[in-house]
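Enquirer: Below is the structure, and that's it, no one-letter string:
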């Protein structure tokens, strides 16, 4: 019995290893896709907060929105 196991085990290990690798590929793709979606969603949520915050500030102060955007750009460029 041990002789049969010692002959079959290496072949079985190779086949099971390939099967496991093939099953892992879709899971890794899903994780990469989820991470990409999270990064884009976070970025655009932050941009929306800035955009609508500037719009609200422009309305509250009766300043033109374009002027607020230009001032923000100037301040960001000054930080660099």
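Expert: It's in. Worth saying up front: this structure is predicted, and the values here are computed from it rather than measured. Numbers count the residues shown, from 1 in each chain.

Enquirer: distance between stretch 64-76 and the chain's centre?
Expert: Counting by CA atoms, centre = their mean, to the nearest Å, stretch 64-76 is centred 29 Å from the centre of its parent chain.

Enquirer: Please apply the same query to stretch 51-59.
Expert: So, by CA atoms, centre = their mean, the centroid of stretch 51-59 is 27 Å from its chain's centroid.

Enquirer: repeat for stretch 45-54
Expert: With CA atoms, centre = their mean as the basis, stretch 45-54 stands 19 Å off its chain's centre.

Enquirer: Residues touching that stretch, excluding its own?
Expert: Contacting residues not belonging to stretch 45-54 are listed as 65, 68, 69, 72 [CB atoms under 8 Å, 6 or more residues apart in numbering]. No exception for glycine: its C-beta is placed from N, CA and C like everyone else's.

Enquirer: could you redo the last one with a cut-off of 6 Å?
Expert: Contact with stretch 45-54 is made by residue 68, as judged by CB atoms under 6 Å, 6 or more residues apart in numbering.

Enquirer: buried set for it?
Expert: residue 54 (16 or more other CB atoms under 10 Å).

Enquirer: Could you do stretch 59-74 as well?
Expert: When burial is assessed from 16+ other CB under 10 Å, stretch 59-74 yields the following buried residues: residue 68.

Enquirer: Tell me which residues are up against it.
Expert: Stretch 59-74 has contacts (CB under 6 Å, 6+ apart) with 54, 58.

Enquirer: Now the helix or strand where residue 5 lies: average pLDDT?
Expert: Assigned by DSSP states H and E, residue 5 belongs to helix 2-61. Helix 2-61 carries an average pLDDT of 90.

Enquirer: For the residue most central in space within the chain, give its distance to residue 22.
Expert: By CA atoms, centre = their mean, the chain has its centre lying nearest to residue 36, at 2.6 Å. Going from residue 36 to residue 22 by CB to CB, to the nearest Å gives 23 Å.

Enquirer: what's the answer for residue 30, then?
Expert: Distance from residue 30 to residue 22, by CB to CB: 15 Å.

Enquirer: for residue 65, same thing?
Expert: Residue 65 is 54 Å from residue 22, by CB to CB.

Enquirer: Fine, thanks again, bye for now.
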